[in-house]
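In: mind folding the following:
(chains A and B)
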Amino acid sequence: MDIFYPFQWVADRLTYDLLGLDPASKLGASVDFFLYDVPKILAMLVVIVFAVAVIRSFFPPEKTRGFLSHSRLYGGNVLAALLGVVTPFCSCSAVPLFIGFVESGVPLGVTFSFLIASPMVNEVALVLLLGLFGWKVAGLYLVSGLTVAIIGGIVIGKLDLEDQVEDYVRQIKVGESDAVELTWAQRFAYARGYVADIVGKVWPYVVGGIALGAVMHGYIPTDALAKWAGPGNPLAVPVAVLMGIPLYSNAAGIIPLVSVLTEKGVAMGTVLAFMMAVVALSVPEFIILRKVIKPKLIAIFISINFVTITAIGYLFNWVLR
Amino acid sequence: MIIKVLGSGCANCQKLEQVAKQVVADLVLDAQVVKVTDMGEIMGYGVMSTPALVVDEQLRLAGRVPTYGEVVTILTRDQ
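Out: Here you go, the predicted structure:
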């Protein structure tokens, strides 16, 4: 049985019985869609973000650095991408994290695998994908996010760009510290605070995105967009990736919208590539990273991400059609 | 007692600074709350995730905003 059945039941009762809308009407379909998705997604966000926060409390960056220091190309990149998923990371900590990694002997390419995976495979994106697209697409997104991070890090490692790290970074003396071990009470308090913080920040985007999505769901004819952004248009993927770059802060609002776009004929690979660009490539992050690396490496970082994400988009358009 | 709040000025760092100042004021502690934003100095404590709390040169907490009660415990335990 569908575990979300109760949400559907409540939405149906509200829409068709309480509001008296016709299930066959456009308005009825849109309202039902909205009343089903909003409570479902918000409930999933609370549960999953809480669980993720508890898991993350076991992987402070100090511990992750220990795992990765003096790691090698390839193996180190895979490990870094995986740790990027479970280590708590916010872009405001990117600078101390980068310095800490580099100073303790984590190779540059391995550091970048971490820096790409960490924002890309984030719990909010995964929850929305799971809730709106199902586990297959969420799983594909997870695997392809890790792939982009691993490939990107390997390429940067191979290019031998250690001279592109800002000079002052090497001069900073990093003190010794052991990660402070938490009690279970502290882990739960951390997770509660994390949920309040994340859900408090993203809920307006989720509601707004789903509302707009619901309108499109009801009123735009199915396959209306297939002509422009369907699998037949090879330019759709790179254009989608470019469009994704400036949209970072709205990741939570964008996924509900793109879920509707796939219904209207936009190819799945194009949508996945677009989402990756939204989440992983953001101008604020480039500005923060500019504090520790030189412009040439920033440009390489952006180009590699652009190319790999676009390639993944094409791959899925080809595989999933 | 010198209480240092380490952080580059993000929202969470300001939250931690507020909590620390509140605790000091409420408990009338003989303490000074100092904000540290210099990256070299922050890294000197081995901190990789901000905000962090340093009490009399000892790192007590990093990478999260503690609750009011937790800060009370941290600041009163050593006295």
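
In: how far away is the closest residue to residue A:55 other than its chain neighbours from residue A:105?
Out: Once flanking residues are discounted, residue A:55 sits nearest to residue A:86: 5.9 Å by Cβ to Cβ, 6 or more residues apart in numbering or on different chains. (C-beta placed from N, C-alpha, C; glycine too.) Relative to residue A:105, residue A:86 is positioned 21 Å away (Cβ to Cβ, to the nearest Å).

In: near chain A, which residues of chain B show up?
Out: With Cβ under 8 Å from any Cβ of the partner chain as the criterion, chain B comes near chain A at residues B:7-8, B:10-13, B:39-40, B:42-50, B:59-67, B:70.

In: now which of those would you call buried?
Out: B:7-8, B:12-13, B:39, B:42-50, B:59-66, B:70 (16 or more other Cβ atoms under 10 Å in any protein chain shown).

In: which ones among these are found in strands?
Out: In this view, those that belong to strands under DSSP state E are B:59-62.

In: and those residues as JSON lines, adding pLDDT?
Out: Listed next are these as JSON lines, based on pLDDT from 0 to 100:
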{"residue": "B:59", "pLDDT": "88"}
{"residue": "B:60", "pLDDT": "88"}
{"residue": "B:61", "pLDDT": "87"}
{"residue": "B:62", "pLDDT": "86"}
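
In: where does pLDDT dip in the chain?
Out: Chain wasn't specified; assuming chain A. For chain A, the stretches flagged by pLDDT under 70 are A:1, A:178-180, A:248-251, A:321.

In: wait, chain B was what I had in mind.
Out: Ranges of chain B meeting pLDDT under 70: B:78-79.

In: again, only using 80
Out: B:9-10, B:77-79 (pLDDT under 80).

In: and the residue of it nearest chain A?
Out: residue B:46 (2.9 Å; Cβ to the nearest Cβ).

In: give me phi/psi at that residue?
Out: phi 80, psi 20 (degrees, to the nearest 10).

In: check contacts around it.
Out: In this structure, residue B:46 makes contact with A:62, A:100, A:174-177, B:59, judged by Cβ atoms under 8 Å, 6 or more residues apart in numbering or on different chains.

In: want to throw the ones in strands among the buried ones among the residues of chain B next to chain A into a markdown table with distance to residue A:157?
Out: Shown next, in a markdown table, are these (distance: Cβ to Cβ, whole Å):
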| residue | distance to residue A:157 |
| --- | --- |
| B:59 | 31 |
| B:60 | 36 |
| B:61 | 34 |
| B:62 | 28 |
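
In: where exactly do the helices run in chain B?
Out: Ranges of helices within chain B are B:11-26, B:39-44, B:68-77, based on DSSP state H.

In: turn those helices into JSON lines, including distance to residue A:5.
Out: Output for the helices of chain B, formatted as JSON lines (distance: least, Cβ to Cβ, whole Å):
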{"stretch": "helix B:11-26", "distance to residue A:5": "38"}
{"stretch": "helix B:39-44", "distance to residue A:5": "50"}
{"stretch": "helix B:68-77", "distance to residue A:5": "40"}
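
In: with respect to residue B:32, which of these lies nearest?
Out: helix B:11-26 (8.3 Å; Cβ to Cβ).

In: using PDB, write down the CA coordinates of that closest one.
Out: Taking Å, rounded to 0.1, in the frame of the first residue of the first chain, the C-alpha atoms of helix B:11-26 are listed here in PDB:
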ATOM      1  CA  ALA B  11      23.800  34.200  10.400                       C
ATOM      2  CA  ASN B  12      24.600  31.300  12.700                       C
ATOM      3  CA  CYS B  13      27.700  33.000  14.000                       C
ATOM      4  CA  GLN B  14      25.600  36.000  15.000                       C
ATOM      5  CA  LYS B  15      23.100  33.700  16.600                       C
ATOM      6  CA  LEU B  16      25.800  32.100  18.700                       C
ATOM      7  CA  GLU B  17      27.200  35.500  19.700                       C
ATOM      8  CA  GLN B  18      23.700  36.600  20.800                       C
ATOM      9  CA  VAL B  19      23.200  33.500  22.900                       C
ATOM     10  CA  ALA B  20      26.600  33.800  24.500                       C
ATOM     11  CA  LYS B  21      26.000  37.500  25.400                       C
ATOM     12  CA  GLN B  22      22.600  36.600  26.800                       C
ATOM     13  CA  VAL B  23      23.900  33.900  29.000                       C
ATOM     14  CA  VAL B  24      26.700  36.200  30.300                       C
ATOM     15  CA  ALA B  25      24.200  38.900  31.100                       C
ATOM     16  CA  ASP B  26      21.600  36.700  32.700                       C
END
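
In: buried ones in that helix, by neighbour count?
Out: Those would be B:12-13, B:15-17, B:19-20, B:23-24, for helix B:11-26 by 16+ other Cβ under 10 Å.
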